[in-house]
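Enquirer: I'll drop the sequence and a predicted model, then ask my questions.
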Amino acid sequence: MPALKLYMTPGSCSTGIHIILEELEEAFEAHIVNLPAGEHFKPEYVAVNPKSTIPALVRPDGTALTEVVSIAYWLARTLGRGRLWPAEAEQEARALETMVYVVSTVHGQGFARIFATASFAASAADRARVDALGRDIINQGFSILDRQLAGRDYVAGTFSAADPILFYVEFWAEKTGIPLPANLGAHYRRMLQRPVVQRVLREEGYNLALLGVAQSRPN
């Protein structure tokens, strides 16, 4: 029986962790948590993750890790002989810098306002403004990340755990009609070409023929 258990929601930020596990060729149990149905608030999931957030990773000793960056870091550093984590301090810092910015700002401040607009809007009349602010935050974030990717195929130079984390917000950009700047668009298409990414997206219910079309040309 797999020693790892991933609590995930297809198409969410947990897709990045799903990709990392598959890239590491680690066996794990996938437990689907239906966020729209509120399953993350049910007692059985709260017992695993009192924060009621996705994802959560239960490790062989029974302890659970939460937060995307923490899970990605632990997986990449401890499994697969560390091959998905940069060996040099400078590249390690860049990988962490990108992951934290993606999760805390592009996701937490930008996409959250699009996917959970009502949580940020005092009234229905405020929702268009909140959505627009979210898109502004995302576009500004993408501009910063695009400059950081200049001259690189991957975040840390070579493929690392940081790339699936960047990928999930690039994927969301396509789903929400937000154009990616040139370097991010190239990174997104490069990720879509990886066999593991294709397999994960199929497993999570996506039609690969429909992905990457909107981002097929550099801006």
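Expert: Happy to help now that I have it.

Enquirer: how is this protein partitioned into domains?
Expert: 4-82, 89-194 (automatic domain parsing).

Enquirer: could you dump these into JSON lines with distance to residue 203, mean neighbour count and mean pLDDT added?
Expert: Using the backbone N, CA and C atoms, a C-beta is placed for each residue, glycine as well. Shown next, in JSON lines, are the domains of the chain (distance: least, CB to CB, whole Å; neighbours: other CB atoms under 10 Å; pLDDT from 0 to 100):
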{"stretch": "domain 4-82", "distance to residue 203": "8", "mean neighbour count": "17", "mean pLDDT": "97"}
{"stretch": "domain 89-194", "distance to residue 203": "14", "mean neighbour count": "18", "mean pLDDT": "96"}
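
Enquirer: any idea which of these gets closest to residue 212?
Expert: Closest approach to residue 212 among the domains of the chain is made by domain 89-194 (4.9 Å; CB to CB).

Enquirer: distance between the ends of the closest one?
Expert: With CA to CA, to the nearest Å applied, domain 89-194 spans 26 Å between its terminal residues.

Enquirer: show me where this protein has its strands.
Expert: 4-8, 28-32, 56-58, 64-66 (DSSP state E).

Enquirer: CSV for these, including distance to residue 99?
Expert: Below are these laid out as CSV (distance: least, CB to CB, whole Å):
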stretch, distance to residue 99
strand 4-8, 17
strand 28-32, 20
strand 56-58, 15
strand 64-66, 14
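
Enquirer: wait, which of those strands is closest to residue 133?
Expert: Nearest to residue 133, of those and by CB to CB, is strand 64-66 at 27.1 Å.

Enquirer: nearest to residue 135, out of the strands of the chain?
Expert: Nearest to residue 135 among the strands of the chain is strand 4-8 (26.1 Å), distances taken as CB to CB.
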